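**Q** need a 3D model of the sequence below.
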Amino acid sequence: MRRRDIGFLLINDPAGITTIVKMSEVKETFSPEYIRQLIDSENHELLEKVLADTDARETTYIMAHLKAEERVKLIDLLPAEVSAEILEEIPDTFASDIITELDVRQAVAIVNEMDSDEQADLMMELEDAEVEAILSGMDSEDAIDLRRLIEFDPDTAGGLMITEYISLPENLSVTQAIQYLRDNQAEIADYQLKYLYVVGPGHELRGVVQMQDLLLAEGVRKLANLFKEARTFDSGTPLEDLVGFFEGFSFIGMPVVDEDGRMIGVVIRRDVMKAASERMSKEHLESQGIVGGDELRTMPVFLRSRRRLSWLSVNILLNIIAASVIAFHQDTLSSVIALAVFLPIISDMSGCSGNQAVAVSMRELSIGTVRPKEVLTVWGQEVSVGLINGAVLGILLALAALIWKGNVYLGLVAGGALALNTLVAVSIGGTLPLILKGFDIDPALASGPILTTITDMLGFFMTLTFASMAMSYLV
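**A** Next comes the predicted model:
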């Protein structure tokens, strides 16, 4: 949906006096408190004018600071077209909560106004019974199209594509094609009108025609003699391949075809980049232990707590395992108390190095520059970095130990343990996401805890083992 450009706003004061002001002069007043006042007074006309000029970030901020019942009432006060625009711009969790609180007829009216890809995203957030209720209320042809969309993996071309595009038979003339556009201008007003797709008798894609070429061509000329061959995506093309393509080419969108070459949609650059950004955000949250990768502070507190605890409870067990290494070497630690200062440094620095490697691998997996089968290549690349960084960090820590205690052997123990653990950490951090991905395990959720546990255990083990071997030189 497209925001309408409203440059001026009519404000009626209690005395009935109407004031005309520029929207730019009052945008600062579009606070949640102001919107709440409009909701309470049921001033739907002013609400519509204000929200039509509010960008996506402002809309999301406002909706996040309204209570759940206020969001529902706000949507209830607005026309379906404006409500659809708002639901498209706010997080899907907000939108699904609002839709479930509306009566089916109102929900259907709003969903009908949304772009097809946004419809599919919203349906993914709803329960099966709620989806069926909405689909049953939609036009049968629209419902069939939407059912097909929600069957695709959301991170593929089929799951990201829109079905609002213009396709015309190849046997039409230029004059007939232009007349079709004029006759259907109301329906296609919000379509991507830069290209026209030419199809054969079975809706198989023949090629693409730029609108300027259509308008400048002779009226009697057939579309079959005008189109250019188009590159296409299969419906199952993964997100990382889509990102790689659009980063390499400046196309606005690309057609999507099924296994028989029939055109079924268009995937838009903007939607691909948005999906990639959302995936990276989700993976970052999961790497920090937010199970599900999607948390907002407006969610129920017990839901947020459960999602976090599901990871934290496992992590505490892993930390107990790592701490058991210290308990096993407690005699060494009690003899050389200075080691207690270096253990957290070695553990933390190695973990940081490993997490850097994890971040790079996750990034490369998301944009498609590396695949799980290249684990050995990635390991070799990380080893070279690990050797350099491990040596530098080890020398720095050894010098710190020497300056502090004046003991060369203490420096060798601490510095050597850090150098070796850094090498291990980057090796694990670089390859673990690829290995997990190869087994269809979410690397964002599992890489962090595994890396932390291993680097802690090995860091403690190497430090205390080296210290035990050099005990006579340390005490």
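
**Q** for the nearest residue to S167 once chain neighbours are set aside, give the beta-bridge partners.
**A** Sequence neighbours aside, Y197 is the residue nearest to S167 in space, at 4.3 Å (criterion: CB to CB, 6 or more residues apart in numbering). Every residue, glycine included, has its C-beta placed from N, CA and C. Beta bridges link Y197 to S167, V208 when assigned by DSSP bridges.

**Q** tell me, how many residues neighbour Y197?
**A** Y197 is flanked by 20 other residues according to other CB atoms under 10 Å.

**Q** can you pull the contacts of it?
**A** Y197 makes contact with 165-168, 205, 207-209, 230, 255, 263, 266, according to CB atoms under 8 Å, 6 or more residues apart in numbering.

**Q** list the buried residues in the one helix or strand L47 maps to.
**A** For L47, the host element (DSSP states H and E) is helix 44-52. Residues of helix 44-52 classed as buried: 44, 46-52 (neighbour count, 16 or more other CB atoms under 10 Å).

**Q** show me what the helix or strand following that helix is packed up against.
**A** Downstream of helix 44-52, the first helix or strand assigned by DSSP H and E is helix 56-64. Helix 56-64 sits against helix 32-40, helix 80-89, helix 92-101, with contacts defined as 3 or more CB pairs under 8 Å, 6 or more residues apart in numbering; DSSP states H and E.

**Q** could you pull out the strands for the stretch 251-400 of the chain?
**A** Secondary structure of the stretch 251-400 of the chain (DSSP state E, counting those that start in this stretch): strands located at 253-257, 263-268.

**Q** tell me which of these sits most buried.
**A** Mean neighbour count (mean count of other CB atoms under 10 Å) peaks for strand 263-268 among the strands of the stretch 251-400 of the chain, with a mean of 24.

**Q** by how many degrees do that one and strand 253-257 diverge?
**A** Angle of strand 263-268 versus strand 253-257, following axes from the mean of the first three to the mean of the last three CA atoms, to 10 degrees, is 150 degrees.

**Q** I'd like the numbering to begin with 761 instead of 1 from here.
**A** Sure thing, new numbering starts at 761, so read that last one as strand 1023-1028.

**Q** the spatially most central residue of the chain and A1206, how far apart?
**A** Centroid-nearest residue in the chain: E1038, 1.0 Å away (criterion: CA atoms, centre = their mean). Noted for E1038: a distance of 20 Å to A1206, by CB to CB, to the nearest Å.

**Q** try P1060
**A** Note on P1060: its distance to A1206, by CB to CB, is 26 Å.

**Q** which of those two has more neighbours?
**A** Taking other CB under 10 Å, P1060 and A1206 do not tie; A1206 has more neighbours (18 against 9).

**Q** show me what the helix holding L807 is packed against.
**A** Contacts defined by 3+ CB pairs under 8 Å, 6+ apart place helix 804-812 against strand 768-772, helix 792-800, helix 828-837, helix 840-849.

**Q** got the CA positions of the second one in PDB?
**A** By that I understand helix 792-800. The C-alpha trace of helix 792-800 is given here as PDB (Å, rounded to 0.1, in the frame of the first residue of the first chain):
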ATOM      1  CA  PRO A 792       1.100   8.200  21.600                       C
ATOM      2  CA  GLU A 793      -0.700  10.500  24.100                       C
ATOM      3  CA  TYR A 794      -2.100  12.600  21.300                       C
ATOM      4  CA  ILE A 795      -3.200   9.500  19.300                       C
ATOM      5  CA  ARG A 796      -4.800   8.200  22.500                       C
ATOM      6  CA  GLN A 797      -6.800  11.400  22.900                       C
ATOM      7  CA  LEU A 798      -8.100  11.100  19.400                       C
ATOM      8  CA  ILE A 799      -9.000   7.400  20.000                       C
ATOM      9  CA  ASP A 800     -10.900   8.300  23.200                       C
END
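
**Q** in it, what counts as buried?
**A** 795-796, 798-799.

**Q** just give me the closest of those to R1131.
**A** I795 (47.5 Å; CB to CB).

**Q** just the element for G1175, please.
**A** Using DSSP H and E, G1175 sits within helix 1168-1198.

**Q** buried residues, that helix. List them.
**A** Within helix 1168-1198, the residues that qualify as buried are 1169-1197, counting by 16+ other CB under 10 Å.

**Q** swap in stretch 1119-1132?
**A** Neighbour counts over stretch 1119-1132 (16+ other CB under 10 Å) mark 1119-1122, 1124-1128, 1130, 1132 as buried.

**Q** and the contacts of that stretch?
**A** Contacts of stretch 1119-1132 (CB under 8 Å, 6+ apart): 998-1001, 1003-1004, 1007, 1036, 1039-1040, 1043, 1047, 1138, 1189-1195, 1197-1198, 1203-1204, 1207.

**Q** any chance you could map the strands in the stretch 861-1010 of the chain?
**A** 927-929, 955-959, 965-970, 993-994.

**Q** as TSV, those strands with distance to T1212 and mean pLDDT would be great.
**A** Shown next, in TSV, are these (distance: least, CB to CB, whole Å; pLDDT from 0 to 100):
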stretch	distance to T1212	mean pLDDT
strand 927-929	52	94
strand 955-959	49	92
strand 965-970	49	94
strand 993-994	39	95
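
**Q** quick one: closest of those to V1143.
**A** V1143 lies closest, by CB to CB, to one member of these: strand 993-994, at 36.7 Å.

**Q** so which residues make contact with the closest one?
**A** 917, 1002, 1005, 1014-1019, 1027.

**Q** sorry, back to before: show me the buried residues of stretch 1119-1132 that map onto helices.
**A** 1119-1122, 1124-1127 (DSSP state H).

**Q** export those residues to TSV and append columns for pLDDT and distance to I1086.
**A** Output for these, formatted as TSV (pLDDT from 0 to 100; distance: CB to CB, whole Å):
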residue	pLDDT	distance to I1086
A1119	85	28
V1120	90	31
S1121	90	30
M1122	84	30
E1124	85	35
L1125	83	34
S1126	73	37
I1127	67	40
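
**Q** for L909, state which of those residues is nearest.
**A** L909 lies nearest to S1126 out of those, by CB to CB, at 23.0 Å.

**Q** how near is that closest one to D1001?
**A** Counting by CB to CB, the gap from S1126 to D1001 is 11 Å.

**Q** mind checking how far the residue lying closest to L798 once chain neighbours are set aside is from G1008?
**A** Closest residue to L798 apart from its sequence neighbours, by CB to CB, 6+ apart: L807 at 4.9 Å. L807 is 43 Å from G1008, where distance means CB to CB.

**Q** for A949, same thing?
**A** Taking CB to CB, one finds A949 at 31 Å from G1008.

**Q** buried ones in stretch 846-862?
**A** Here stretch 846-862 shows 846-852, 854-859, 861-862 as buried, counting by 16+ other CB under 10 Å.

**Q** can you check stretch 994-1012 too?
**A** 995, 997, 999-1003, 1005-1006.

**Q** quick one: contacts for the closest residue to T819 other than its chain neighbours?
**A** Nearest residue to T819, sequence neighbours excluded (CB to CB, 6+ apart): E849, at 5.0 Å. Shown in contact with E849 (CB under 8 Å, 6+ apart): 816, 819-820.

**Q** now the residues you listed: which count as buried?
**A** Buried among the contacts of E849 (16+ other CB under 10 Å): 819-820.

**Q** Serialize the contacts of E849 to TSV and add fields for distance to D877 and pLDDT.
**A** Supplementary listing: those in TSV, determined by distance: CB to CB, whole Å; pLDDT from 0 to 100:
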residue	distance to D877	pLDDT
A816	16	77
T819	19	84
T820	18	82
